[in-house]
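>>> just to be clear, the model below is a prediction. Sequence and coordinates:
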Amino acid sequence: MEIKVRRLLRVLMPLVCVGISAQAGEWELGGSFAIGQESKGTISSNGNFPVMPYTVVTSRFTGLWYQGGVHVGYQVARRGLWGLWLQGQYSEGLSHPSLYHSGENYAVGSTLRETYNGSADYKSTLLGVTVTRQLPVGEVGLSLGSRSHDMSITGRRQTQVNGTFTYDQYSVSHNYRDMLVAVSYTLTQDQGGFRSFQKISLGTGFGSSIPAVNPGPNDWRMSEAYLAQVRPSRDVRITLGVRL
């Protein structure tokens, strides 16, 4: 991840230096609202039942992911119809999607099962750059940035060991980073001393720092890998604000 960011900065720094002497210096301040795609259930298994060991994992979130937050941007370069912005966003969850996770591990002479139900609190931070091009009406943009995710989940866990059940409360914190690429369309209106703007963007994440999950006899309990797999990485975001 750090290597990707360093490469990105090496490409952008010459543009930033040019932009300092070009028409630049506009600030963008606003609030944003995002809706994440509802996660679908994933069912994973290894082995060939009834050959042992045999593992089945079901993990999913139910409910839409709503986020509200703040947005800030600074235009570091502008040449003709093209512009370069540095942008940041901080968002917190407005909804609490429900997690269901079930891991079952069958081995010779033993059966282990863990079922978990909980709800999520979450927030995210984004730092990135956006290249824009002015159109006859509005402007389009292409963004690339580094995104961090923080999520905490609390709920109830049921554990079964060879037919004996136990229950307890459970909590887990989930932190990871990925890269975000997004396309956007922005409209602006002159308000005299400033301009107002309305922006809609569609983003998707890639390059998560969480390793891929491989269900098996040693990897069937709820973990960050399963959470990252079923948490949505795409969202639609609406941002309203002013340019100064």
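Thanks, I have the structure now.
>>> just list the residues touching residue 174, thanks.
149-153, 224, 227-228 (C-beta atoms under 8 Å, 6 or more residues apart in numbering). Placement of C-beta: from N, CA and C, glycine included.
>>> can you tell me the SS state at residue 228?
Here residue 228 is recorded as helix under DSSP: H, G, I helix; E, B strand; the rest coil.
>>> distance of the closest residue to it other than its chain neighbours from residue 174?
Excluding its sequence neighbours, the residue lying closest to residue 228 (C-beta to C-beta, 6 or more residues apart in numbering) is residue 210, at 4.0 Å. Separation of residue 210 from residue 174 (C-beta to C-beta, to the nearest Å) stands at 9 Å.
>>> what do these two both touch?
224, 228.
>>> returning to that earlier point: surely the residue nearest to residue 228 meets residue 223?
No. In this structure residue 210 lies outside contact range of residue 223 using C-beta atoms under 8 Å: 9.1 Å.
>>> which residues does residue 100 bridge with?
residue 60, residue 117 (DSSP bridges).
>>> so how far is the longest strand along the chain off the chain centroid?
Ranked by residue count under DSSP state E, the longest strand found in the chain is strand 164-190. Strand 164-190 has its C-alpha centroid displaced from the chain centroid by 4 Å (C-alpha atoms, centre = their mean, to the nearest Å).
>>> now the element after that strand, going C-ward?
With elements assigned by DSSP states H and E, the helix or strand that comes after strand 164-190 is strand 195-206.
>>> tell me what the one helix or strand residue 120 maps to is packed against?
Counting by DSSP H and E, the element that carries residue 120 is strand 110-134. Using 3 or more C-beta pairs under 8 Å, 6 or more residues apart in numbering; DSSP states H and E, the elements in contact with strand 110-134 are strand 65-79, strand 82-93, strand 98-107, strand 139-161, strand 164-190.
>>> where among those strands is average confidence lowest?
Per-stretch averages of pLDDT across those put strand 98-107 at the bottom, with a mean of 88.
>>> sorry, back to before: buried stuff in the longest strand of the chain?
Neighbour counts over strand 164-190 (16 or more other C-beta atoms under 10 Å) mark 170, 172, 174, 176-180, 182, 184, 186, 188 as buried.
>>> kindly reformat those as a markdown table containing distance to residue 157.
Formatted as a markdown table, these follow (distance: C-beta to C-beta, whole Å):
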| residue | distance to residue 157 |
| --- | --- |
| 170 | 4 |
| 172 | 10 |
| 174 | 16 |
| 176 | 22 |
| 177 | 27 |
| 178 | 27 |
| 179 | 33 |
| 180 | 32 |
| 182 | 36 |
| 184 | 41 |
| 186 | 46 |
| 188 | 50 |
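>>> what's the most distant pair in those?
Maximum pairwise distance among these (C-beta to C-beta): 48.0 Å, between 170 and 188.
>>> from residue 143, how far off is the residue lying closest to residue 81 once chain neighbours are set aside?
In this structure, residue 81 finds its nearest non-sequential neighbour in residue 134, 4.3 Å apart by C-beta to C-beta, 6+ apart. According to C-beta to C-beta, residue 134 stands 16 Å off from residue 143.
>>> ok, now residue 176?
The gap separating residue 176 from residue 143 is 20 Å, by C-beta to C-beta.
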